[in-house]
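Visitor: Here is my input, please return the structure:
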Amino acid sequence: CLAATSIDVTKDLSSVSFTLTKSAKWHDGKPVTIDDLIFTFKTLKSQGPPYYRQVLRKITVSKTAPDTITYTSGRKGDRSFVSLVGTLPIHPKHFWEKNGLEQKSMTIPLGSGPYRIVKATAGKTAHLSRVKNYWAKDHFTQKGRYNFDEVIFNYYRDNRTALESFKTGNDDIRLEDDAVAWSKEYKGPSLDKGEIVKTSFPSNDPGKMIMLTFNQRNPIFKDRRVRKALALLYDFEAANRILFHGLYTPVKSAYGTSELAASGKATAEQQALLKPFLNKLPENILNQPGPDLENNKLTSRQRIRAASKLLDEAGLKLSGNSRIDPNTGKPLVFSILYMNRRHQRILLHYAESLKAIGIELSIPELEAFAARKKMLEHDFDMTILQWMPKMLVGTSEHLLWGSQLADVKGSYALAGLKDPAIDASITAMQLAQDWQAMKSAAKTFDRIFRWQIHAIPLWHSNEEWISTSKSIVTPEPSPLFETTYVDRFWQKPLKQSSLK
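Guide: Sure, this is the predicted structure:
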(Lines give C-alpha, C1' and ligand atoms only; values in the text may rest on other atoms or scores of the structure.)
Protein backbone atom coordinates (compact mmCIF):
# COMPACT_ATOMS: atom_id res chain seq x y z
CA CYS A 1 0.00 0.00 0.00
CA LEU A 2 1.79 3.14 -1.27
CA ALA A 3 -0.15 5.42 1.07
CA ALA A 4 0.96 3.57 4.24
CA THR A 5 4.07 4.22 6.31
CA SER A 6 3.68 0.96 8.22
CA ILE A 7 1.67 -2.26 8.13
CA ASP A 8 0.95 -4.39 11.20
CA VAL A 9 -0.41 -7.90 10.62
CA THR A 10 -1.51 -10.25 13.39
CA LYS A 11 0.14 -13.67 13.45
CA ASP A 12 -3.10 -15.47 12.62
CA LEU A 13 -3.75 -13.07 9.68
CA SER A 14 -7.14 -12.14 11.13
CA SER A 15 -6.50 -8.39 11.07
CA VAL A 16 -4.15 -5.85 9.52
CA SER A 17 -3.54 -2.21 10.40
CA PHE A 18 -2.21 0.49 8.09
CA THR A 19 -0.70 3.77 9.28
CA LEU A 20 -1.44 6.45 6.69
CA THR A 21 1.33 8.70 5.40
CA LYS A 22 0.83 12.43 5.89
CA SER A 23 2.21 13.20 2.43
CA ALA A 24 -0.63 11.56 0.43
CA LYS A 25 -2.67 14.24 -1.34
CA TRP A 26 -5.67 14.39 -3.65
CA HIS A 27 -5.30 16.33 -6.87
CA ASP A 28 -7.16 19.26 -5.27
CA GLY A 29 -4.41 19.51 -2.63
CA LYS A 30 -6.43 18.10 0.26
CA PRO A 31 -4.87 15.25 2.29
CA VAL A 32 -5.91 11.62 1.97
CA THR A 33 -7.48 10.70 5.32
CA ILE A 34 -8.58 7.66 7.28
CA ASP A 35 -12.17 8.83 6.69
CA ASP A 36 -11.54 8.46 2.95
CA LEU A 37 -10.43 4.85 3.47
CA ILE A 38 -13.47 4.02 5.61
CA PHE A 39 -15.81 5.73 3.13
CA THR A 40 -14.24 3.77 0.27
CA PHE A 41 -14.49 0.43 2.07
CA LYS A 42 -18.12 0.86 3.11
CA THR A 43 -19.16 2.13 -0.31
CA LEU A 44 -17.46 -0.68 -2.21
CA LYS A 45 -18.88 -3.26 0.19
CA SER A 46 -22.45 -2.03 -0.17
CA GLN A 47 -22.62 -0.43 -3.62
CA GLY A 48 -19.49 -1.46 -5.49
CA PRO A 49 -19.08 -3.79 -8.46
CA PRO A 50 -19.95 -7.46 -7.79
CA TYR A 51 -16.30 -8.38 -7.23
CA TYR A 52 -15.92 -6.03 -4.24
CA ARG A 53 -19.32 -6.85 -2.78
CA GLN A 54 -18.30 -10.50 -2.79
CA VAL A 55 -14.74 -10.33 -1.43
CA LEU A 56 -15.53 -7.74 1.27
CA ARG A 57 -18.64 -9.46 2.64
CA LYS A 58 -17.00 -10.81 5.80
CA ILE A 59 -14.50 -8.02 6.41
CA THR A 60 -15.02 -5.10 8.83
CA VAL A 61 -13.10 -1.85 9.24
CA SER A 62 -12.42 0.58 12.10
CA LYS A 63 -10.38 3.69 12.84
CA THR A 64 -7.99 2.61 15.61
CA ALA A 65 -5.93 5.83 15.81
CA PRO A 66 -6.08 9.25 14.13
CA ASP A 67 -3.79 8.00 11.36
CA THR A 68 -4.47 4.23 11.54
CA ILE A 69 -7.11 1.98 10.00
CA THR A 70 -7.66 -1.68 10.91
CA TYR A 71 -9.34 -4.30 8.74
CA THR A 72 -10.60 -7.48 10.38
CA SER A 73 -11.26 -10.70 8.49
CA GLY A 74 -14.17 -13.04 9.02
CA ARG A 75 -11.77 -15.93 9.57
CA LYS A 76 -8.22 -16.57 10.66
CA GLY A 77 -5.33 -17.65 8.47
CA ASP A 78 -6.56 -16.28 5.14
CA ARG A 79 -3.34 -15.21 3.44
CA SER A 80 -5.04 -13.36 0.58
CA PHE A 81 -6.93 -11.08 2.99
CA VAL A 82 -3.92 -8.82 3.63
CA SER A 83 -3.12 -8.28 -0.05
CA LEU A 84 -6.81 -7.72 -0.80
CA VAL A 85 -7.36 -4.83 1.60
CA GLY A 86 -3.87 -3.45 0.99
CA THR A 87 -4.63 -2.93 -2.69
CA LEU A 88 -8.13 -1.45 -2.42
CA PRO A 89 -8.49 1.80 -4.39
CA ILE A 90 -9.09 4.92 -2.30
CA HIS A 91 -11.81 7.44 -3.15
CA PRO A 92 -12.23 10.98 -1.70
CA LYS A 93 -15.13 11.25 0.69
CA HIS A 94 -15.39 15.06 0.46
CA PHE A 95 -15.59 14.98 -3.33
CA TRP A 96 -18.30 12.33 -3.66
CA GLU A 97 -20.42 13.68 -0.82
CA LYS A 98 -20.50 16.97 -2.75
CA ASN A 99 -20.96 15.54 -6.26
CA GLY A 100 -23.35 12.71 -5.45
CA LEU A 101 -22.21 9.13 -5.66
CA GLU A 102 -25.63 7.95 -6.83
CA GLN A 103 -25.84 10.31 -9.78
CA LYS A 104 -25.17 8.93 -13.25
CA SER A 105 -23.16 11.70 -14.85
CA MET A 106 -19.91 12.45 -16.65
CA THR A 107 -18.46 14.11 -13.56
CA ILE A 108 -14.69 13.66 -13.78
CA PRO A 109 -13.59 11.87 -10.59
CA LEU A 110 -10.94 13.27 -8.27
CA GLY A 111 -7.86 11.08 -7.86
CA SER A 112 -4.52 11.01 -6.07
CA GLY A 113 -2.32 9.13 -8.58
CA PRO A 114 0.31 10.06 -11.16
CA TYR A 115 -2.34 10.98 -13.76
CA ARG A 116 -5.53 12.99 -13.63
CA ILE A 117 -8.47 12.76 -16.03
CA VAL A 118 -8.78 16.14 -17.74
CA LYS A 119 -11.41 15.30 -20.34
CA ALA A 120 -13.71 12.41 -21.24
CA THR A 121 -16.34 11.76 -23.88
CA ALA A 122 -18.73 8.92 -23.12
CA GLY A 123 -18.03 5.91 -25.29
CA LYS A 124 -15.23 7.65 -27.21
CA THR A 125 -12.18 8.94 -25.33
CA ALA A 126 -10.58 9.51 -21.94
CA HIS A 127 -7.75 12.06 -21.76
CA LEU A 128 -5.25 11.77 -18.89
CA SER A 129 -2.52 14.27 -18.00
CA ARG A 130 0.53 13.58 -15.82
CA VAL A 131 0.43 15.34 -12.43
CA LYS A 132 3.63 17.35 -12.03
CA ASN A 133 3.39 17.62 -8.25
CA TYR A 134 2.27 13.99 -7.73
CA TRP A 135 2.85 13.38 -4.03
CA ALA A 136 4.64 10.01 -4.50
CA LYS A 137 6.79 10.91 -7.53
CA ASP A 138 10.03 10.54 -5.53
CA HIS A 139 9.02 7.28 -3.85
CA PHE A 140 11.44 4.50 -4.79
CA THR A 141 8.62 2.34 -6.21
CA GLN A 142 7.70 5.06 -8.71
CA LYS A 143 11.14 5.63 -10.22
CA GLY A 144 11.24 5.10 -14.00
CA ARG A 145 7.49 4.83 -14.23
CA TYR A 146 4.69 6.99 -15.67
CA ASN A 147 6.79 8.47 -18.45
CA PHE A 148 4.07 9.85 -20.75
CA ASP A 149 2.96 13.46 -20.25
CA GLU A 150 -0.40 12.76 -21.88
CA VAL A 151 -2.30 9.48 -22.30
CA ILE A 152 -5.44 9.26 -24.43
CA PHE A 153 -7.61 6.14 -24.43
CA ASN A 154 -9.75 5.74 -27.54
CA TYR A 155 -12.79 3.46 -27.43
CA TYR A 156 -14.26 1.59 -30.41
CA ARG A 157 -17.44 -0.43 -30.91
CA ASP A 158 -15.59 -3.45 -32.30
CA ASN A 159 -12.10 -4.87 -32.61
CA ARG A 160 -11.86 -4.60 -36.39
CA THR A 161 -12.54 -0.86 -36.34
CA ALA A 162 -10.03 -0.44 -33.52
CA LEU A 163 -7.34 -2.34 -35.41
CA GLU A 164 -7.82 -0.40 -38.65
CA SER A 165 -7.70 2.87 -36.70
CA PHE A 166 -4.47 1.76 -35.05
CA LYS A 167 -2.88 0.86 -38.38
CA THR A 168 -3.61 4.35 -39.75
CA GLY A 169 -1.76 5.97 -36.86
CA ASN A 170 -4.61 7.11 -34.62
CA ASP A 171 -3.22 5.15 -31.67
CA ASP A 172 0.28 4.27 -30.43
CA ILE A 173 -0.31 1.09 -28.41
CA ARG A 174 -2.67 -1.83 -28.97
CA LEU A 175 -3.13 -5.04 -27.01
CA GLU A 176 -4.31 -7.96 -29.12
CA ASP A 177 -6.18 -10.99 -27.82
CA ASP A 178 -7.15 -12.69 -31.07
CA ALA A 179 -4.81 -15.24 -32.64
CA VAL A 180 -6.21 -14.89 -36.14
CA ALA A 181 -5.92 -11.10 -36.07
CA TRP A 182 -2.36 -11.32 -34.71
CA SER A 183 -1.40 -13.81 -37.41
CA LYS A 184 -3.26 -12.43 -40.44
CA GLU A 185 -4.53 -8.89 -39.99
CA TYR A 186 -1.43 -6.93 -39.00
CA LYS A 187 -0.55 -6.02 -42.57
CA GLY A 188 -0.32 -2.82 -44.58
CA PRO A 189 2.00 0.08 -45.36
CA SER A 190 2.55 1.05 -41.73
CA LEU A 191 3.87 -2.41 -40.87
CA ASP A 192 5.80 -2.77 -44.13
CA LYS A 193 7.65 0.50 -43.40
CA GLY A 194 8.40 -0.46 -39.79
CA GLU A 195 6.17 2.30 -38.40
CA ILE A 196 4.39 -0.32 -36.30
CA VAL A 197 6.22 -2.94 -34.24
CA LYS A 198 4.72 -6.25 -33.03
CA THR A 199 6.01 -7.65 -29.73
CA SER A 200 5.20 -10.80 -27.76
CA PHE A 201 5.72 -10.79 -23.99
CA PRO A 202 5.74 -14.00 -21.96
CA SER A 203 3.21 -14.03 -19.14
CA ASN A 204 4.60 -14.10 -15.60
CA ASP A 205 1.49 -15.93 -14.40
CA PRO A 206 0.10 -19.35 -15.47
CA GLY A 207 -1.35 -17.71 -18.56
CA LYS A 208 -4.81 -17.11 -19.94
CA MET A 209 -7.29 -19.95 -20.32
CA ILE A 210 -10.44 -19.62 -22.40
CA MET A 211 -13.00 -22.23 -21.40
CA LEU A 212 -16.62 -23.24 -21.81
CA THR A 213 -18.22 -23.30 -18.39
CA PHE A 214 -21.30 -25.38 -17.54
CA ASN A 215 -24.03 -23.76 -15.48
CA GLN A 216 -24.50 -26.59 -12.99
CA ARG A 217 -27.67 -25.01 -11.67
CA ASN A 218 -29.12 -26.84 -14.68
CA PRO A 219 -29.66 -30.42 -13.40
CA ILE A 220 -28.43 -31.91 -16.70
CA PHE A 221 -24.92 -30.54 -16.12
CA LYS A 222 -24.67 -32.01 -12.63
CA ASP A 223 -24.08 -35.38 -14.31
CA ARG A 224 -20.37 -35.85 -15.00
CA ARG A 225 -21.19 -38.18 -17.90
CA VAL A 226 -22.89 -35.30 -19.71
CA ARG A 227 -19.96 -32.95 -19.05
CA LYS A 228 -17.51 -35.59 -20.25
CA ALA A 229 -19.52 -36.24 -23.42
CA LEU A 230 -19.58 -32.54 -24.29
CA ALA A 231 -15.86 -32.25 -23.57
CA LEU A 232 -15.11 -35.20 -25.85
CA LEU A 233 -16.77 -33.40 -28.73
CA TYR A 234 -14.39 -30.45 -28.59
CA ASP A 235 -11.39 -31.27 -30.80
CA PHE A 236 -8.66 -28.79 -29.88
CA GLU A 237 -6.20 -29.95 -32.52
CA ALA A 238 -8.72 -29.41 -35.32
CA ALA A 239 -9.88 -26.05 -33.95
CA ASN A 240 -6.31 -24.80 -33.48
CA ARG A 241 -5.36 -25.85 -37.00
CA ILE A 242 -8.48 -24.59 -38.77
CA LEU A 243 -9.38 -21.50 -36.76
CA PHE A 244 -6.26 -20.28 -34.95
CA HIS A 245 -3.39 -20.99 -37.35
CA GLY A 246 -1.68 -23.16 -34.74
CA LEU A 247 -0.93 -20.21 -32.42
CA TYR A 248 -2.43 -21.73 -29.27
CA THR A 249 -1.07 -24.53 -27.12
CA PRO A 250 -2.98 -27.63 -25.96
CA VAL A 251 -4.52 -27.00 -22.58
CA LYS A 252 -4.89 -29.50 -19.81
CA SER A 253 -4.21 -27.75 -16.53
CA ALA A 254 -5.96 -24.65 -15.26
CA TYR A 255 -2.46 -23.44 -14.37
CA GLY A 256 -0.90 -24.01 -17.77
CA THR A 257 2.65 -25.33 -17.59
CA SER A 258 3.45 -23.59 -14.29
CA GLU A 259 4.58 -25.48 -11.20
CA LEU A 260 1.02 -25.27 -9.84
CA ALA A 261 -0.22 -27.74 -12.44
CA ALA A 262 -1.00 -31.27 -11.25
CA SER A 263 1.37 -33.94 -12.52
CA GLY A 264 1.97 -37.66 -12.05
CA LYS A 265 0.53 -39.45 -9.04
CA ALA A 266 -0.91 -37.54 -6.11
CA THR A 267 1.62 -36.91 -3.36
CA ALA A 268 0.99 -37.90 0.26
CA GLU A 269 -0.13 -34.34 1.06
CA GLN A 270 -2.53 -34.31 -1.91
CA GLN A 271 -3.88 -37.76 -1.01
CA ALA A 272 -4.61 -36.55 2.52
CA LEU A 273 -6.64 -33.65 1.14
CA LEU A 274 -8.49 -35.92 -1.30
CA LYS A 275 -9.15 -38.80 1.11
CA PRO A 276 -12.49 -37.60 2.60
CA PHE A 277 -13.96 -37.27 -0.92
CA LEU A 278 -12.58 -40.32 -2.75
CA ASN A 279 -15.87 -42.19 -2.73
CA LYS A 280 -17.40 -39.41 -4.87
CA LEU A 281 -14.43 -38.80 -7.16
CA PRO A 282 -13.32 -40.74 -10.27
CA GLU A 283 -11.45 -43.87 -9.25
CA ASN A 284 -8.17 -43.10 -11.02
CA ILE A 285 -7.76 -39.59 -9.64
CA LEU A 286 -4.81 -40.54 -7.41
CA ASN A 287 -2.82 -42.05 -10.27
CA GLN A 288 -3.24 -39.49 -13.07
CA PRO A 289 -3.43 -35.68 -13.01
CA GLY A 290 -6.38 -35.70 -15.41
CA PRO A 291 -8.79 -37.98 -17.27
CA ASP A 292 -7.86 -39.98 -20.37
CA LEU A 293 -9.74 -37.62 -22.67
CA GLU A 294 -6.95 -35.06 -22.18
CA ASN A 295 -4.47 -37.30 -23.99
CA ASN A 296 -6.76 -39.30 -26.25
CA LYS A 297 -6.05 -38.93 -29.98
CA LEU A 298 -9.50 -40.08 -30.98
CA THR A 299 -10.87 -39.66 -34.46
CA SER A 300 -14.04 -37.65 -34.99
CA ARG A 301 -16.13 -40.81 -35.30
CA GLN A 302 -14.63 -42.29 -32.15
CA ARG A 303 -15.43 -39.09 -30.25
CA ILE A 304 -19.03 -39.18 -31.45
CA ARG A 305 -19.49 -42.86 -30.47
CA ALA A 306 -17.96 -42.35 -27.02
CA ALA A 307 -20.01 -39.20 -26.37
CA SER A 308 -23.23 -40.85 -27.55
CA LYS A 309 -22.69 -43.79 -25.21
CA LEU A 310 -22.22 -41.45 -22.24
CA LEU A 311 -25.34 -39.45 -23.08
CA ASP A 312 -27.38 -42.63 -23.45
CA GLU A 313 -26.19 -43.76 -20.00
CA ALA A 314 -27.18 -40.35 -18.59
CA GLY A 315 -30.72 -40.77 -19.91
CA LEU A 316 -30.46 -38.29 -22.79
CA LYS A 317 -31.81 -40.64 -25.43
CA LEU A 318 -31.79 -40.05 -29.17
CA SER A 319 -35.16 -39.74 -30.89
CA GLY A 320 -34.81 -39.26 -34.63
CA ASN A 321 -32.05 -36.68 -34.98
CA SER A 322 -32.49 -35.09 -31.56
CA ARG A 323 -31.50 -35.87 -28.00
CA ILE A 324 -34.49 -35.55 -25.68
CA ASP A 325 -34.42 -33.63 -22.42
CA PRO A 326 -35.95 -36.12 -19.93
CA ASN A 327 -37.21 -33.24 -17.77
CA THR A 328 -39.28 -31.62 -20.55
CA GLY A 329 -39.66 -34.33 -23.18
CA LYS A 330 -38.47 -31.80 -25.77
CA PRO A 331 -35.36 -31.78 -28.00
CA LEU A 332 -32.28 -30.74 -26.11
CA VAL A 333 -31.10 -27.17 -26.83
CA PHE A 334 -28.19 -25.54 -24.98
CA SER A 335 -27.82 -21.77 -25.06
CA ILE A 336 -24.29 -20.34 -24.94
CA LEU A 337 -23.58 -16.87 -23.62
CA TYR A 338 -20.51 -14.97 -24.82
CA MET A 339 -19.33 -11.35 -24.81
CA ASN A 340 -16.70 -11.30 -27.56
CA ARG A 341 -18.05 -11.63 -31.10
CA ARG A 342 -14.78 -13.19 -32.19
CA HIS A 343 -15.76 -16.24 -30.16
CA GLN A 344 -18.59 -16.94 -32.59
CA ARG A 345 -16.38 -18.91 -34.96
CA ILE A 346 -15.23 -21.38 -32.28
CA LEU A 347 -18.83 -21.79 -31.08
CA LEU A 348 -20.11 -22.43 -34.60
CA HIS A 349 -17.34 -25.00 -35.06
CA TYR A 350 -18.35 -26.68 -31.77
CA ALA A 351 -22.05 -26.52 -32.70
CA GLU A 352 -21.40 -28.76 -35.70
CA SER A 353 -19.90 -31.41 -33.41
CA LEU A 354 -22.90 -31.29 -31.05
CA LYS A 355 -25.30 -31.50 -33.97
CA ALA A 356 -23.76 -34.84 -34.90
CA ILE A 357 -25.03 -36.33 -31.61
CA GLY A 358 -28.44 -34.68 -31.65
CA ILE A 359 -27.88 -31.56 -29.54
CA GLU A 360 -28.69 -28.08 -30.82
CA LEU A 361 -26.42 -25.24 -29.70
CA SER A 362 -28.13 -21.85 -29.56
CA ILE A 363 -25.64 -18.99 -30.04
CA PRO A 364 -27.62 -15.73 -29.60
CA GLU A 365 -25.79 -12.51 -30.45
CA LEU A 366 -26.27 -9.98 -27.67
CA GLU A 367 -24.81 -6.55 -26.96
CA ALA A 368 -22.02 -6.73 -24.40
CA PHE A 369 -24.12 -5.01 -21.69
CA ALA A 370 -27.04 -7.42 -22.15
CA ALA A 371 -24.71 -10.43 -22.21
CA ARG A 372 -22.96 -9.32 -19.03
CA LYS A 373 -26.32 -8.78 -17.30
CA LYS A 374 -27.50 -12.30 -18.18
CA MET A 375 -24.13 -13.70 -17.11
CA LEU A 376 -24.27 -12.14 -13.64
CA GLU A 377 -27.90 -13.24 -13.30
CA HIS A 378 -26.67 -16.77 -14.17
CA ASP A 379 -29.23 -16.96 -16.97
CA PHE A 380 -27.51 -19.33 -19.41
CA ASP A 381 -26.67 -22.98 -20.00
CA MET A 382 -23.01 -22.56 -20.92
CA THR A 383 -20.76 -19.52 -21.17
CA ILE A 384 -17.28 -18.64 -22.35
CA LEU A 385 -15.06 -17.70 -19.44
CA GLN A 386 -11.61 -16.16 -19.65
CA TRP A 387 -9.60 -17.06 -16.55
CA MET A 388 -6.10 -15.82 -15.77
CA PRO A 389 -5.16 -17.46 -12.44
CA LYS A 390 -2.34 -15.95 -10.42
CA MET A 391 0.60 -17.69 -8.79
CA LEU A 392 -0.75 -16.45 -5.45
CA VAL A 393 -3.75 -18.74 -5.54
CA GLY A 394 -6.98 -18.78 -3.55
CA THR A 395 -8.90 -15.61 -4.32
CA SER A 396 -10.00 -16.12 -7.93
CA GLU A 397 -10.59 -19.84 -7.29
CA HIS A 398 -12.94 -18.92 -4.44
CA LEU A 399 -14.83 -16.33 -6.49
CA LEU A 400 -15.26 -18.52 -9.57
CA TRP A 401 -15.54 -22.07 -8.22
CA GLY A 402 -16.37 -21.90 -4.50
CA SER A 403 -19.80 -23.06 -3.35
CA GLN A 404 -20.32 -20.13 -0.94
CA LEU A 405 -21.20 -17.83 -3.83
CA ALA A 406 -23.02 -20.36 -6.01
CA ASP A 407 -26.48 -19.09 -5.01
CA VAL A 408 -25.56 -15.40 -4.82
CA LYS A 409 -27.06 -13.44 -7.73
CA GLY A 410 -24.51 -11.15 -9.32
CA SER A 411 -21.60 -13.31 -8.23
CA TYR A 412 -18.81 -14.50 -10.50
CA ALA A 413 -19.52 -18.09 -9.50
CA LEU A 414 -20.88 -18.64 -13.00
CA ALA A 415 -20.75 -22.44 -12.82
CA GLY A 416 -22.85 -22.57 -9.65
CA LEU A 417 -20.41 -25.22 -8.47
CA LYS A 418 -21.05 -27.07 -5.21
CA ASP A 419 -18.21 -29.53 -5.08
CA PRO A 420 -16.99 -30.28 -1.51
CA ALA A 421 -13.60 -31.49 -2.77
CA ILE A 422 -13.10 -28.25 -4.72
CA ASP A 423 -14.12 -26.24 -1.63
CA ALA A 424 -11.63 -28.12 0.55
CA SER A 425 -8.76 -27.48 -1.87
CA ILE A 426 -9.64 -23.76 -2.09
CA THR A 427 -9.67 -23.49 1.69
CA ALA A 428 -6.27 -25.23 1.81
CA MET A 429 -4.90 -22.69 -0.70
CA GLN A 430 -6.16 -19.74 1.33
CA LEU A 431 -4.87 -21.04 4.65
CA ALA A 432 -1.47 -22.24 3.41
CA GLN A 433 1.36 -20.67 5.38
CA ASP A 434 4.21 -21.51 3.02
CA TRP A 435 4.85 -21.98 -0.69
CA GLN A 436 4.97 -25.78 -0.59
CA ALA A 437 1.62 -26.07 1.18
CA MET A 438 0.01 -23.58 -1.21
CA LYS A 439 1.47 -25.35 -4.24
CA SER A 440 0.24 -28.73 -3.01
CA ALA A 441 -3.27 -27.33 -2.48
CA ALA A 442 -3.26 -25.79 -5.97
CA LYS A 443 -2.16 -29.07 -7.53
CA THR A 444 -4.99 -30.82 -5.68
CA PHE A 445 -7.51 -28.25 -6.91
CA ASP A 446 -6.21 -28.70 -10.46
CA ARG A 447 -6.46 -32.50 -10.24
CA ILE A 448 -10.08 -32.36 -9.01
CA PHE A 449 -11.08 -29.66 -11.49
CA ARG A 450 -9.74 -31.64 -14.43
CA TRP A 451 -11.11 -35.02 -13.37
CA GLN A 452 -14.56 -33.63 -12.60
CA ILE A 453 -14.62 -31.81 -15.97
CA HIS A 454 -16.16 -28.66 -14.55
CA ALA A 455 -15.29 -26.80 -17.77
CA ILE A 456 -14.13 -27.49 -21.32
CA PRO A 457 -10.74 -25.85 -21.95
CA LEU A 458 -10.88 -24.27 -25.41
CA TRP A 459 -7.40 -22.82 -25.68
CA HIS A 460 -4.57 -21.42 -23.62
CA SER A 461 -2.04 -18.66 -24.16
CA ASN A 462 0.98 -17.76 -22.06
CA GLU A 463 1.92 -14.75 -24.17
CA GLU A 464 0.73 -11.16 -24.33
CA TRP A 465 0.58 -9.67 -27.83
CA ILE A 466 1.30 -5.94 -28.02
CA SER A 467 1.83 -3.73 -31.05
CA THR A 468 3.17 -0.18 -30.85
CA SER A 469 4.21 2.71 -33.04
CA LYS A 470 7.99 2.73 -33.52
CA SER A 471 8.38 5.71 -31.18
CA ILE A 472 7.26 3.63 -28.20
CA VAL A 473 9.99 1.86 -26.22
CA THR A 474 9.09 -1.27 -24.30
CA PRO A 475 11.11 -2.63 -21.35
CA GLU A 476 12.67 -6.06 -21.21
CA PRO A 477 10.24 -8.62 -19.78
CA SER A 478 10.75 -9.17 -16.04
CA PRO A 479 9.34 -11.86 -13.74
CA LEU A 480 8.89 -9.12 -11.12
CA PHE A 481 6.48 -6.95 -13.10
CA GLU A 482 3.39 -7.40 -15.18
CA THR A 483 3.46 -5.99 -18.72
CA THR A 484 1.64 -2.70 -18.10
CA TYR A 485 2.16 -0.05 -20.74
CA VAL A 486 0.98 3.20 -19.11
CA ASP A 487 3.49 3.03 -16.28
CA ARG A 488 6.44 1.10 -17.79
CA PHE A 489 6.64 2.08 -21.47
CA TRP A 490 8.14 5.36 -22.67
CA GLN A 491 8.44 7.34 -25.88
CA LYS A 492 11.44 8.40 -27.94
CA PRO A 493 11.64 12.03 -29.13
CA LEU A 494 9.03 12.40 -31.86
CA LYS A 495 9.63 13.35 -35.47
CA GLN A 496 6.92 13.92 -38.05
CA SER A 497 5.34 10.49 -38.44
CA SER A 498 4.77 9.09 -41.92
CA LEU A 499 1.50 7.67 -40.60
CA LYS A 500 -0.07 11.11 -40.18
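Visitor: Give the next helix or strand downstream of the helix ranked longest in the chain.
Guide: Looking across the chain with DSSP state H, the single longest helix is helix 435-452. Scanning forward in sequence from helix 435-452 by DSSP states H and E, the next helix or strand is strand 455-461.
Visitor: residue contacts, the residue nearest to residue 353 when sequence neighbours are not counted?
Guide: Nearest residue to residue 353 in three dimensions, chain neighbours excluded: residue 233, at 4.2 Å (CB to CB, 6 or more residues apart in numbering). All C-beta spots, glycine's among them, are computed from the backbone N, C-alpha and C. With contacts defined as CB atoms under 8 Å, 6 or more residues apart in numbering, residue 233 is in contact with 303, 304, 307, 350, 353, 354, 356, 357.
Visitor: at 10 Å instead, please
Guide: When contacts are counted by CB atoms under 10 Å, 6 or more residues apart in numbering, residue 233 touches 300, 303-304, 306-308, 350, 352-357, 359, 456.
Visitor: One more: residue 451?
Guide: 224, 262, 281-285, 288-291, 294, 421.
Visitor: any idea how far residue 280 is from it?
Guide: 11 Å (CB to CB, to the nearest Å).
Visitor: What about the contacts of residue 233, which are in helices?
Guide: 300, 303, 304, 306, 307, 308, 350, 352, 353, 354, 355.
Visitor: helix, strand or coil for the closest residue to residue 82 other than its chain neighbours?
Guide: Nearest residue to residue 82, sequence neighbours excluded (CB to CB, 6+ apart): residue 16, at 5.0 Å. Secondary structure state of residue 16, per DSSP: H, G, I helix; E, B strand; the rest coil, is strand.
Visitor: quick one, helices of the stretch 1-150 of the chain?
Guide: Remark: helices assigned in the stretch 1-150 of the chain by DSSP state H, counting those that start in this stretch are 34-47, 50-55, 80-86, 93-99.
Visitor: and the last one, how far out from the chain's middle?
Guide: When you say that, I think you mean helix 93-99. Distance of helix 93-99 from its chain centroid, counting by CA atoms, centre = their mean, to the nearest Å, is 31 Å.
Visitor: about what we covered before: so how do I select the buried members of the contacts of residue 451 in ChimeraX?
Guide: The ChimeraX command for the buried members of these (criterion: 16 or more other CB atoms under 10 Å) is given here:
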select :224,262,281,282,285,288,289,290,291,294,421
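Visitor: Among the contacts of residue 451, which ones are in helices?
Guide: Counting by DSSP H, the contacts of residue 451 contribute 224, 421 to helices.
Visitor: Closest one to residue 57 out of the contacts of residue 451, please.
Guide: residue 421 (23.5 Å; CB to CB).
Visitor: With adjacent residues omitted, what lies nearest to that closest one?
Guide: residue 277 (4.0 Å).
Visitor: Quick check on the residue nearest the centre of the chain: phi, psi?
Guide: Here the mean C-alpha position of the chain is nearest to the C-alpha of residue 387 (CA atoms, centre = their mean), at a distance of 4.1 Å. When read as degrees, to the nearest 10, the backbone of residue 387 gives phi -120, psi 130.
Visitor: and residue 466, that's in a strand?
Guide: Yes - counting by three-state DSSP, residue 466 is located in a strand.
Visitor: For it, report the pLDDT, please.
Guide: Looking at residue 466, its pLDDT reads 89.
Visitor: can you check the one 10 residues further on too?
Guide: pLDDT for residue 476: 73.
Visitor: check contacts around it.
Guide: residue 201.
Visitor: Just the strands from the stretch 151-300 of the chain, written as ranges.
Guide: 173-176, 196-202, 208-214 (DSSP state E, counting those that start in this stretch).
Visitor: could you give the angle of the last one to strand 455-461?
Guide: Yep, that's strand 208-214 we're talking about. 160 degrees (axes from the mean of the first three to the mean of the last three CA atoms, to 10 degrees).
Visitor: Report the distance from strand 208-214 to the chain centre.
Guide: 10 Å.
Visitor: Spell out, range by range, the strands that occur in the stretch 1-150 of the chain.
Guide: 4-9, 15-20, 60-65, 68-72, 115-121, 125-130, 150-154.
Visitor: Highest mean neighbour count out of these?
Guide: strand 15-20 (a mean of 21; mean count of other CB atoms under 10 Å).
Visitor: Just the residues contacting that one, thanks.
Guide: Contacts for strand 15-20 (CB under 10 Å, 6+ apart): 1, 3-10, 31-34, 36-37, 59-60, 62, 64-73, 76, 81-86, 90.
Visitor: Also stretch 148-157?
Guide: 114-115, 117-130, 132, 162-166, 170-173, 368, 472, 485-487, 489-491.
Visitor: In contact with residue 62, which residues are there?
Guide: Residue 62 sits in contact with 15, 17, 34, 38, 68, 69, 70, 71, 72, where contact means CB under 10 Å, 6+ apart.
Visitor: Tabulate these in TSV, adding columns for distance to residue 416.
Guide: As requested, the contacts of residue 62 are exported to TSV (distance: CB to CB, whole Å):
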residue	distance to residue 416
15	32
17	37
34	39
38	34
68	40
69	35
70	35
71	29
72	30
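Visitor: Rebuild these as CSV, extending it with distance to residue 346 and pLDDT.
Guide: Output for the contacts of residue 62, formatted as CSV (distance: CB to CB, whole Å; pLDDT from 0 to 100):
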residue, distance to residue 346, pLDDT
15, 46, 94
17, 48, 97
34, 49, 97
38, 46, 97
68, 51, 96
69, 46, 97
70, 48, 97
71, 42, 96
72, 45, 96
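Visitor: Show the low-confidence segments of the protein, by residue range.
Guide: 103-104, 204, 294-296, 477-483, 494-500 (pLDDT under 70).
Visitor: tell me the residue furthest from the middle of it?
Guide: residue 320 (40.9 Å).
Visitor: residues contacting that one?
Guide: Going by CB under 10 Å, 6+ apart, the list of residues near residue 320 reads 331, 358.
Visitor: go with 6 Å
Guide: Residues counted as contacts of residue 320 (CB atoms under 6 Å, 6 or more residues apart in numbering): none.
Visitor: Give me the phi and psi angles of it.
Guide: Per degrees, to the nearest 10, the backbone of residue 320 is at phi 70, psi -120.
Visitor: What separation is there between it and residue 426?
Guide: Applying CB to CB to residue 320 and residue 426 gives a distance of 44 Å.
Visitor: Determine the number of other residues adjacent to the closest residue to residue 242 other than its chain neighbours.
Guide: Take residue 242 and drop its neighbours on the chain: the residue closest to it by CB to CB, 6+ apart is residue 349, 7.2 Å away. Burial of residue 349 is recorded as 15 neighbouring residues (other CB atoms under 10 Å).
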